[in-house]
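Student: Just the structure for this:
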Amino acid sequence: MTAKEYLNQALTLDNRINGKLEQVSALHALATKATQTLYDMPPSGTRNVQRMEDIICKIVGLEDSINDDIDLLVDLKQEIITMVKRIDNTVYQTLLEHRYLGFKTWKQIAADMGYELRWMYRLHTKALEEAEKLLLSKRSHERAL
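Tutor: Next up is the predicted model:
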């Protein structure tokens, strides 16, 4: 896994969490949706309780999955923060934190840091090279154990 792939894990996980949150919201809307249909005959009095129960079970399952993913995201972000802090250059640290922990766009990062967009891309390449060195060092250390 490259440094960029490693760092992008947090964004991927965050996007997965957001997708699941949207699903939960849609299920909540479905569960609370009340429709009224007018018939010539009075309603039978039976409701599809099983359907409501299925929706609630899906909501609970998704919420449990979201909580698990949030725990993973917090742990992953902490791991990334630890690695980024080991980079000697504070500009690289700031850039990587904005991009891979704050999930900002390149334009936002360039504006925040006061650099031109093209220069941000160059700094990013150099910052990834430093992160790659740290990851290789970490892998070598893990193999030695």
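Student: The top helix by length along the chain: how far from the chain's middle?
Tutor: When the chain is parsed with DSSP state H, its longest helix is helix 49-85. The chain centre lies 10 Å from the centre of helix 49-85; the measure is CA atoms, centre = their mean, to the nearest Å.
Student: Show me what it is packed up against.
Tutor: Helices and strands touching helix 49-85, by 3 or more CB pairs under 8 Å, 6 or more residues apart in numbering; DSSP states H and E, are helix 3-32, helix 90-100, helix 117-144. Every C-beta, even on glycine, is put in place using the N, C-alpha and C of the backbone.
Student: Tabulate those helices (a markdown table), appending mean neighbour count and mean pLDDT.
Tutor: Formatted as a markdown table, the helices and strands packed on helix 49-85 follow (neighbours: other CB atoms under 10 Å; pLDDT from 0 to 100):
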| stretch | mean neighbour count | mean pLDDT |
| --- | --- | --- |
| helix 3-32 | 14 | 92 |
| helix 90-100 | 19 | 97 |
| helix 117-144 | 13 | 90 |
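Student: Now do the contacts for the closest residue to residue 121 other than its chain neighbours.
Tutor: Leaving aside its chain neighbours, residue 121 sits nearest to residue 106 (7.2 Å; criterion: CB to CB, 6 or more residues apart in numbering). Residues counted as contacts of residue 106 (CB atoms under 8 Å, 6 or more residues apart in numbering) are 99, 117, 120, 121.
Student: Surely residue 126 and residue 88 touch.
Tutor: No: the criterion here is CB atoms under 8 Å, and residue 126 misses it with residue 88 at 11.8 Å.
Student: about what we covered before: between all of the contacts of residue 106, which two are separated the most?
Tutor: Largest separation among the contacts of residue 106 by CB to CB: 99 and 117, giving 12.9 Å.
Student: and residue 112, what does it touch?
Tutor: For residue 112, the contacting residues are 98, 104, by CB under 8 Å, 6+ apart.
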